[in-house]
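>>> What follows is a predicted protein model with its sequence.
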Amino acid sequence: MQIILSLISGILIGSVSGFLGNLMLSKKMSVVAGPLAHLAFPGVAVAILLGINLGWGVFPLIIIGALIIWVLDQKTNLPMENLAAIVFAAGLGISLLFLPIDKAEEALVGKIMQISFRETLLIGFISTILFFSINYFYDNLMLINIDKDLALTSGINVSKLNLIYLLSIAIAVSLGVYLVGGLITAALIALPAAISKNIASNLKEYKIISIFSGGLGSGLGIILSFLYHLPAGPLVILVNVIFFLISLIFIKK
Amino acid sequence: MVLLSVKDLTINFDNDLVIQNLSFEVERGDFFSIIGSNGSGKSSLLKALLKLIPFKGEINWQPKIKIGYLPQGITPLKVKDYPLTVFDFFKLKNKNLKKEEIEKKLNQIDLEKNILEKKIGYLSGGQFQKILIQWVLIDEPDVLMLDEPETSLDYRSGETIYSLLKNLWEEKQKTIILVTHEFDIISKYSNKVLCLTHSHYHCLGKTSDVLSEENLKKVFGKDIKIYQHKEN
């Protein structure tokens, strides 16, 4: 039973991270996911201090982090990856003062193999909403990535969409913390997109391959973890890295 | 009919006064060109007209005007990050576009239809620029604003683009607002010219008046002669 819950949660998280990650392939954004994911640590510190479930600490902290980045992005001319680094450093610095490091293991490597039924339901619910909202805003977000002015004059509310984008990243990253832990969540976002970019010849293929390889990578990683009793998070990333190496053979320009 | 009226427009950019007390009108069907040396505020003016940057003064568009805008400096490099085909790129603008519609538009500017399947990040600068212009035009804006579209075009491609613009201007009575450095293009196609300078001296008028030798000397501080290319 546990393996089924783990598989469902893992595949959903992997697919939706892959989908979102394919929007983040530009130089600017793929760097943002890492620092955001590291905000899981202050979240864990809060959860441990208050004695609550990890998720209740991690989700709000990452979302607050994304909001702060968005506000700073509106107020300054600094690049978003720089802002993300600042917010991350502030968050991690503060949390290291309070976080009992020895209790932070779940935040480091994830807990997908111990995921509960209620958590699976929650993950299913959140990733479905996330999936449809990314799909709905996909074209406009892509246009913003290509050129902000072009998007603005096509009638797109860039600032509103940037907020939705950052919140989606924050949510995907929080889910990723469950699956692989805060240290390597960025890989869940970056790898499926890179694999897909290597072999896709148009946008439709690009979307499908990144969703599919994200889900497959997570599923296989979890099965390997179940069979060989090794930690799931690192295996998920390892499978994705192998996919990436295979995709290099089929590389298309 | 006045389509756009600008009154006492002042633009400050990073504490630099870019444009001071500029007033002008654009009428429906104008081919309105904006000239001036680098840094004289041409691109900022376009952005202010679109209300993308802060400004003082009044900018009034006729209500319900649809504006198409092509910013400066979008290069294939900017889209290389994504495996976007030319067709995908048009679909980003409008999901319901049919292949045949786009093919027809591309045909007007000498592009083969197999270009639709090509990745847009790997097109030549000239092809890319032509595609961008058709991309802006595809939902039939009333006004087309272009910021130095000839950058990265060879002379022949430039001619194709401008004859397309001329057709739009004459046949469909579209309004065109163009920032350019190409005097011969302006003298060939444009009916009104606005010139901007660093000293905030503006001149505005019929093309032949603004492009007179004395006036150009005043604007650019050196002698400029314009030779008309012969019509084919």
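Received it, and whenever you're ready, just let me know what you need.

>>> By mean pLDDT, flag the weakest helix or strand of chain A.
helix A:105-109 (a mean of 70; mean pLDDT, DSSP states H and E).

>>> Mind checking what helix or strand follows that helix in sequence?
Next along the chain after helix A:105-109, taking DSSP states H and E as the criterion, comes helix A:117-146.

>>> Which positions in that next one come out as buried?
A:119-120, A:122-123, A:126-127, A:130-131, A:134, A:137-146 (16 or more other CB atoms under 10 Å in any protein chain shown). All C-beta spots, glycine's among them, are computed from the backbone N, C-alpha and C.

>>> Which strands or helices does it pack on?
Packing partners of helix A:117-146 (3 or more CB pairs under 8 Å, 6 or more residues apart in numbering or on different chains; DSSP states H and E): helix A:2-23, helix A:148-153, helix A:158-180, helix B:86-93.

>>> any chance of these in CSV, plus mean pLDDT?
CSV is the format used below for the helices and strands packed on helix A:117-146 (pLDDT from 0 to 100):
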stretch, mean pLDDT
helix A:2-23, 94
helix A:148-153, 85
helix A:158-180, 88
helix B:86-93, 92
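
>>> what's the closest of the ones you listed to B:Lys78?
Of all these, the one in closest proximity to B:Lys78, counting by CB to CB, is helix A:148-153 (9.8 Å).

>>> Can you name the residues in contact with the closest one?
A:140, A:143-144, A:158, B:47, B:50, B:52, B:67-71, B:74 (CB atoms under 8 Å, 6 or more residues apart in numbering or on different chains).

>>> pLDDT weak spots in chain A?
A:26-28, A:30, A:100-107, A:252-253 (pLDDT under 70).

>>> What residues does it have near chain B?
Within chain A, the residues that sit near chain B (CB under 8 Å from any CB of the partner chain) are A:25-27, A:139-140, A:142-143, A:145-147, A:149-150, A:152-154, A:196-197, A:200-206, A:252-253.

>>> ok but B:Asn38 is inside a strand, no?
No: residue state for B:Asn38 (DSSP: H, G, I helix; E, B strand; the rest coil) corresponds to coil; a strand is not indicated.

>>> how far away is the residue nearest in space to the middle of chain B from chain A?
Centroid check for chain B by CA atoms, centre = their mean gives B:Leu146 as the closest residue, at 1.6 Å. From B:Leu146 across to chain A, the span is 12 Å (CB to the nearest CB, to the nearest Å).

>>> Is my assumption valid that that residue occupies a position in a strand?
Yes: judged by three-state DSSP, B:Leu146 forms part of a strand.

>>> In terms of secondary structure, what does the lowest-mean-pLDDT helix or strand in chain B contact?
Using mean pLDDT, DSSP H and E, helix B:213-220 stands out as the lowest-scoring helix or strand of chain B, at a mean of 72. Packed against helix B:213-220 by the contact rule (3+ CB pairs under 8 Å, 6+ apart) you find strand B:203-206.

>>> Tell me the residues on chain B that lie near chain A, please.
B:47, B:50, B:52, B:67-71, B:74, B:78-79, B:81-85, B:87-88, B:91-93, B:95, B:117, B:119, B:122.

>>> Sort out for me which of those are in helices.
B:47, B:78-79, B:87-88, B:91-93 (DSSP state H).

>>> so what's B:Thr85 up against?
A:201-203, B:116-120.

>>> Could you identify the buried members of those?
Using 16+ other CB under 10 Å, the buried ones in these are A:202-203, B:116, B:118-120.

>>> follow-up on the earlier one: and the least confident helix or strand of chain B, which residues are buried?
B:215-216, B:219.

>>> do stretch A:46-54 as well
For stretch A:46-54, by 16+ other CB under 10 Å, it's A:46-48, A:54.

>>> ends of that stretch, how far apart?
9 Å (CA to CA, to the nearest Å).

>>> how far does it sit from the chain's center?
22 Å (CA atoms, centre = their mean, to the nearest Å).

>>> do the same with stretch A:188-206
16 Å.

>>> do stretch B:1-18 as well
That offset, for stretch B:1-18, works out to 17 Å (CA atoms, centre = their mean).

>>> buried set for that stretch?
Those would be B:3-4, B:6, B:9, B:11, B:18, for stretch B:1-18 by 16+ other CB under 10 Å.

>>> mind listing what B:Leu17 touches?
Contact analysis of B:Leu17 by CB under 8 Å, 6+ apart lists B:10-11, B:200.

>>> Mind listing the residues bridging to it?
Counting by DSSP bridges, B:Leu17 is bridged to B:Asn12.
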